[in-house]
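Asks: Return a 3D structure for these sequence lines:
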Amino acid sequence: MRPPSTGPGTRRSIVSWALFDFANTAFYVTILTVGYPLYFREIVAGGGPYADALWGMAFSISMVVVALVSPLLGAVADAGGGKKAFLALFTALCVIATAALSGVLPGMVAAGIALLVLANIGFEAGLVFYDAFLPEITTERSYGRVSGYGFAAGYAGSLLTLAAAFPLYAGGFGEENLGNVRLSFLMAAGIFLLFSLPLFFFLPDRQRVHRLDLEVLQSGFTRLAGTFRSLAQYRNIAWFLGAYFLYVDGINTIIIFSSIFARETLGFDIGEIVVFFAIIQTTALLGSIAFGVLADHLGHKRTLVITLLLWLSITVAAFFVTSKLAFTVIGAFAGIALGSSQSTSRSLMSRIIPKDKKTEFFGFYSFFGKASAILGPVVFGLVSSLLNQRLAILSVGFFLLAGLLLLRRVHVPTSSGPEVPS
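Replies: Numbers count the residues shown, from 1 in each chain. Next up, the predicted model:
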């Protein structure tokens, strides 16, 4: 007898889960990458000397909040709060705040910052619960490819969102086109809402208890405190989180500063930068699928090692690159490595965590990922300011190398059982 179409591990549940990744990238590319950053700095903050600082402050505040609360949110969800309920709450927060950004007018700096902070908290906190569904929708032997499907759907969503938003941005940021720019924020909220709905309708939450009251909150605090006390006993997970903190710091720094490097060191114009990032998104889509399948055959850890070696090669090549064409080729390989490193990291985490603490440990996973967004950019900025951008790119390689060395200590269990404290 065939399993019900809405059950865990079915095609419908996997597609519904992956569509959420497709949905949330509309927020990422429109609000964090392309449209709103320029609108905020040039229009809302008036392009003043503190515009970049205000933007950075708003983003940092939201990331600090998410980093601090993610482990607690995961513990509360595992204690009975329910993953889907939390995911719905934070998705609604992101969608509503994103739609409200369309009402931010020139000079409304405080509102522009507050709404961005709320929207990004909703986006990032929701990922804790979204990622924790992975062990429920497939078996361990397919973690890699299913995780890859999710990231591939995300990259496809980012490409389609950029294509839909391009006509709205074609008129630039002149006063006559600002209505179209603000309309893109509403469009991003609508795409996020629409394509997230299948997850809430068709993907079951396998937790038997779904409530949020004082007892569940207290239980969440107790679970979190216990995990903190015993974290040293989960050495395997601790090694992986330490490695993840280091190498994802290097990866994020490369991505964050790649457009600046292209603009200032190699002389790319805005149109060339858009094409450059479109190429990265396309190859990242292919890389997330290909390496996801490879991980299930070769092993998650081995695949991740190959990916980090590719990242190290990219940093060395970027140090020597002098032409736009060569840097575009490097960017294509960076996209492949990006898709692979993201999908394989998530599937490897799913492989080594205890089943009864999956959301809680994905909270720690989120914490280390968000906290890592601090150190690398600071190092890059200092090296770039004191020396040059080429040496700054090369310095990022030390984060990748350190993460690779720490990853060697991670043991991937051969049985299907969860890791137990050692």
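
Asks: Which element, helix or strand, includes Phe368?
Replies: Here Phe368 sits within helix 358-371, counting by DSSP states H and E.

Asks: Just list what that helix packs against, helices and strands only.
Replies: Under the contact criterion of 3 or more CB pairs under 8 Å, 6 or more residues apart in numbering; DSSP states H and E, helix 358-371 touches helix 51-76, helix 109-132, helix 214-230, helix 235-264, helix 324-352. Quick note: C-beta positions are derived from backbone N, CA and C, even for glycine.

Asks: ok, 10 Å please
Replies: Applying 3 or more CB pairs under 10 Å, 6 or more residues apart in numbering; DSSP states H and E, one finds that helix 358-371 contacts helix 51-76, helix 83-100, helix 109-132, helix 134-137, helix 214-230, helix 235-264, helix 324-352.

Asks: tell me the pLDDT at Thr283?
Replies: Per-residue confidence at Thr283 stands at 87 (pLDDT).

Asks: Settle this for me: it is touching Gly331, isn't it.
Replies: Yes. Thr283 is in contact with Gly331 according to CB atoms under 10 Å; the separation is 8.1 Å.

Asks: Provide a list of residue ranges in the stretch 301-422 of the chain with pLDDT below threshold.
Replies: Applying pLDDT under 70 to the stretch 301-422 of the chain picks out residues 359-360, 372-374, 377-378, 381, 385, 414-422.

Asks: Now the common contact residues for Thr283 and Gly331.
Replies: Leu338 (CB atoms under 10 Å, 6 or more residues apart in numbering).

Asks: how about TSV for the helices and strands packed on helix 358-371, with distance to Ile279 and mean neighbour count added?
Replies: Formatted as TSV, these follow (distance: least, CB to CB, whole Å; neighbours: other CB atoms under 10 Å):
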stretch	distance to Ile279	mean neighbour count
helix 51-76	25	19
helix 83-100	27	21
helix 109-132	25	22
helix 134-137	28	22
helix 214-230	41	15
helix 235-264	12	20
helix 324-352	5	23
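
Asks: Could you export the ones you listed as TSV, including distance to Ile191?
Replies: Below are the helices and strands packed on helix 358-371 laid out as TSV (distance: least, CB to CB, whole Å):
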stretch	distance to Ile191
helix 51-76	21
helix 83-100	10
helix 109-132	13
helix 134-137	22
helix 214-230	32
helix 235-264	22
helix 324-352	21
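
Asks: so which of those helices comes closest to Leu401?
Replies: Among these, helix 235-264 comes nearest to Leu401, with 8.5 Å by CB to CB.

Asks: Domain map for the chain?
Replies: The chain breaks down by automatic domain parsing into domains covering 1-230, 231-412.

Asks: hang on, the earlier thing: ok, which of the helices and strands packed on helix 358-371 comes nearest Ala164?
Replies: Distance to Ala164, taken as CB to CB, is lowest for helix 83-100 among these, at 14.9 Å.

Asks: Going by neighbour count, list what's buried in stretch 174-182.
Replies: Neighbour counts over stretch 174-182 (16 or more other CB atoms under 10 Å) mark Leu178, Val181, Arg182 as buried.

Asks: Which residue comes closest to the first one once chain neighbours are left out?
Replies: In space, not counting the residues next to it along the chain, Leu178 is nearest to Ile43; the distance is 6.5 Å by CB to CB, 6 or more residues apart in numbering.

Asks: okay, that neighbour: pLDDT?
Replies: At Ile43, pLDDT is 87.

Asks: Need the three-state assignment for it.
Replies: Classification of Ile43 by DSSP: H, G, I helix; E, B strand; the rest coil places it in helix.

Asks: And for it, the neighbour number?
Replies: Neighbours of Ile43 under the rule other CB atoms under 10 Å: 22.

Asks: Quick one: residues contacting it.
Replies: Contacts for Ile43 (CB under 10 Å, 6+ apart) come out as 36, 51, 104-108, 112, 173, 175, 178, 181-182.

Asks: Could you dump those residues into JSON lines with secondary structure and pLDDT added?
Replies: Formatted as JSON lines, the contacts of Ile43 follow (DSSP: H, G, I helix; E, B strand; the rest coil; pLDDT from 0 to 100):
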{"residue": "Tyr36", "secondary structure": "helix", "pLDDT": "84"}
{"residue": "Ala51", "secondary structure": "helix", "pLDDT": "71"}
{"residue": "Val104", "secondary structure": "coil", "pLDDT": "94"}
{"residue": "Leu105", "secondary structure": "coil", "pLDDT": "93"}
{"residue": "Pro106", "secondary structure": "coil", "pLDDT": "91"}
{"residue": "Gly107", "secondary structure": "coil", "pLDDT": "89"}
{"residue": "Met108", "secondary structure": "coil", "pLDDT": "93"}
{"residue": "Gly112", "secondary structure": "helix", "pLDDT": "93"}
{"residue": "Phe173", "secondary structure": "coil", "pLDDT": "74"}
{"residue": "Glu175", "secondary structure": "helix", "pLDDT": "86"}
{"residue": "Leu178", "secondary structure": "helix", "pLDDT": "91"}
{"residue": "Val181", "secondary structure": "helix", "pLDDT": "89"}
{"residue": "Arg182", "secondary structure": "helix", "pLDDT": "94"}
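
Asks: ok, so of the residues you listed, who is nearest Phe192?
Replies: Taking the contacts of Ile43 together and measuring to Phe192 by CB to CB, the closest member is Tyr36, at 13.7 Å.

Asks: Please list all residues in contact with the closest one.
Replies: Tyr36 sits next to 27, 30, 43-44, 55, 98, 101, 104, 112, 115-116, 119, 181-182, 184-185, 188 when contact means CB under 10 Å, 6+ apart.

Asks: Output stretch 386-393 as PDB, restricted to C-alpha atoms.
Replies: Coordinates of the C-alpha atoms in stretch 386-393 are reproduced here as PDB (Å, rounded to 0.1, in the frame of the first residue of the first chain):
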ATOM      1  CA  LEU A 386      46.000  48.700   5.800                       C
ATOM      2  CA  LEU A 387      47.300  46.800   2.800                       C
ATOM      3  CA  ASN A 388      45.100  46.000  -0.200                       C
ATOM      4  CA  GLN A 389      42.000  44.100  -1.300                       C
ATOM      5  CA  ARG A 390      44.000  41.200  -2.900                       C
ATOM      6  CA  LEU A 391      45.700  40.400   0.400                       C
ATOM      7  CA  ALA A 392      42.400  40.800   2.200                       C
ATOM      8  CA  ILE A 393      40.900  38.100  -0.100                       C
END
